[in-house]
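*Asks:* can't give you the sequence, but here's the structure:
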C-alpha cells in the first residue's frame, strides 16, 4: 500500500468512497505536525494544511506560487462547522444545505475563528463541504478546517494523479493520498455576502436554480 519515492513524499493508496481510518489518521498526524498533504476531493486533487499552523500556510503558498492577495479556501465536514467559521443567515443556511455536500465554494463573512491570513480584505472567507469522504474525513478528524487549494501549477496545469503530484509538488509535501486518476473541474464559487447570490466562478457545481431566486 505504501510506496516511498526518492526525494519526494510517501504515497498512500486510499479508497475515495470508504477511506481506511488508519490512512486518514496518518494524514491527520502529518497535518498536525505542520506538514502539507495532497488528497482527493470531489473536484481536483487538493493540497492542504492545518488552518491553525501559519508556517504551514506560508509553505503552502510558496509551494503553489499562489498570490497572497487571494486567500485559499477552507474545507469543513458539515453545515454545522460552516456556521462556526462563517456568518450564515437563514437564507444562506437554506442555500448551503441545498447544495452540500457538493462541488461548491461559498464566500461568506468570516467569524473571529478564522485567522486573518485566510480572510480577504473584505473579511470574507471561502468555505467548502465537498462531496468527498476523504476530504471531509480529514477535516473532521483534524477537529477544525483544512486549508485547501487545487493541485495545479501557477500556470493552471492540473495534476490528475499521485505520480504527477509527486513530480511537481512532492518535494514540499509530507504525504500524498492516492485515490487514482481524477479528471474533474474546479468548484463553483458562490458569494452569499449580504444574501446576494453571485456566481463568481462557474465550475462543476450546478447552481442554475439559484439564479432565478437572485
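*Replies:* Perfect, I can see it now. Values in this document were obtained by computation on a predicted structure and should not be read as measured data.
*Asks:* Tell me the spatial nearest neighbour of residue 115, not counting adjacent residues.
*Replies:* Sequence neighbours aside, residue 51 is the residue nearest to residue 115 in space, at 6.6 Å (criterion: Cβ to Cβ, 6 or more residues apart in numbering). C-betas here are computed from N, CA, C, even on glycine.
*Asks:* The one you found touches residue 147, doesn't it?
*Replies:* Yes: when contacts are counted by Cβ atoms under 8 Å, residue 51 is listed as touching residue 147 (5.3 Å).
*Asks:* who touches both of the two?
*Replies:* 57, 74, 118 (Cβ atoms under 8 Å, 6 or more residues apart in numbering).
*Asks:* Residue 48 belongs to a helix?
*Replies:* No: the assignment for residue 48, made by DSSP: H, G, I helix; E, B strand; the rest coil, is strand rather than a helix.
*Asks:* mind listing what it touches?
*Replies:* Here residue 48 is in contact with 31, 36-39, 60, 75, 138, 146-149 (Cβ under 8 Å, 6+ apart).
*Asks:* Same check on residue 30?
*Replies:* 37, 174-175.
*Asks:* repeat that for 10 Å
*Replies:* Residue 30 sits next to 9-10, 12, 36-37, 49-50, 173-175, 177 when contact means Cβ atoms under 10 Å, 6 or more residues apart in numbering.
*Asks:* helices and strands of this protein: which one bottoms out on pLDDT?
*Replies:* In the chain, the helix or strand scored least confidently by mean pLDDT, DSSP states H and E is strand 2-3, which has a mean of 42.
*Asks:* Isn't residue 155 up against residue 65?
*Replies:* Yes: using Cβ atoms under 10 Å, residue 155 is in contact with residue 65, at 9.1 Å.
*Asks:* between the two, who's got more neighbours?
*Replies:* More crowded of residue 155 and residue 65, by other Cβ atoms under 10 Å: residue 65, with 9 against 6.
*Asks:* could you list every residue that touches the closest residue to that one other than its chain neighbours?
*Replies:* Spatial nearest neighbour of residue 65, excluding adjacent residues (Cβ to Cβ, 6+ apart): residue 154 at 4.0 Å. With contact set as Cβ under 10 Å, 6+ apart, residue 154 has these partners: 64-67.
*Asks:* again, but for residue 74
*Replies:* Neighbours of residue 74 in contact, by Cβ under 10 Å, 6+ apart: 48, 51, 81-82, 85-86, 105, 110, 114, 118, 125-129, 139, 144-148.
*Asks:* Apply 7 Å and report the result again.
*Replies:* 51, 85, 118, 125-128, 145-148 (Cβ atoms under 7 Å, 6 or more residues apart in numbering).
*Asks:* With residue 44 instead?
*Replies:* 150-152, 158, 184, 186.
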